[in-house]
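Undergrad: Let's see this in three dimensions:
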Amino acid sequence: MAKRGPTPSLIGSTHGTVSFHVAGKKSGCRRCKADMSKGTTCVRVTKPGKMGSGPAYCMDCFAEVLDQTQRKLDELRTELRSVRQIA
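TA: Below is the predicted model:
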């Protein structure tokens, strides 16, 4: 079967786009509520079609989110290997 278009990612597109951002004003981390002062580097997750810039995460929380994402991806990869061996 021919593949159509670019290979999609579970990170990005309709799930939101992740970008590093320098805070233009004081804001809070969506997860831990820590203050992030103006000039602090944070991570924003913007969802397509939504007004505004999306939630901001401090670097510590984003590292934890990224670690959890990697664990879930590893689980999916293990399950995929298992299913492929059965088929």
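
Undergrad: host element of H21?
TA: strand 17-22 (DSSP states H and E).

Undergrad: Moving C-terminal from that strand, which element do we reach first?
TA: Following strand 17-22 in sequence order, the next helix or strand is strand 27-28 (DSSP H and E).

Undergrad: sorry, back to before: what are the buried residues along the strand holding H21?
TA: Neighbour-count burial for strand 17-22 flags 18, 21 (criterion: 16 or more other Cβ atoms under 10 Å). Just so you know, the C-beta spots here come from the backbone N, C-alpha and C atoms, and that holds for glycine as well.

Undergrad: do you know how far M36 is from Q68?
TA: In this view, M36 and Q68 are 21 Å apart by Cβ to Cβ, to the nearest Å.

Undergrad: more crowded one of the two?
TA: More neighbours surround M36 than the other of M36 and Q68, with 20 against 10 (other Cβ atoms under 10 Å).

Undergrad: contacting residues around that one?
TA: Shown in contact with M36 (Cβ atoms under 8 Å, 6 or more residues apart in numbering): 23, 26-29, 42, 56, 58.

Undergrad: could I get those residues as JSON lines with pLDDT and distance to T78?
TA: Output for the contacts of M36, formatted as JSON lines (pLDDT from 0 to 100; distance: Cβ to Cβ, whole Å):
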{"residue": "A23", "pLDDT": "90", "distance to T78": "38"}
{"residue": "K26", "pLDDT": "91", "distance to T78": "42"}
{"residue": "S27", "pLDDT": "89", "distance to T78": "38"}
{"residue": "G28", "pLDDT": "93", "distance to T78": "36"}
{"residue": "C29", "pLDDT": "93", "distance to T78": "31"}
{"residue": "C42", "pLDDT": "94", "distance to T78": "32"}
{"residue": "A56", "pLDDT": "90", "distance to T78": "32"}
{"residue": "C58", "pLDDT": "94", "distance to T78": "30"}
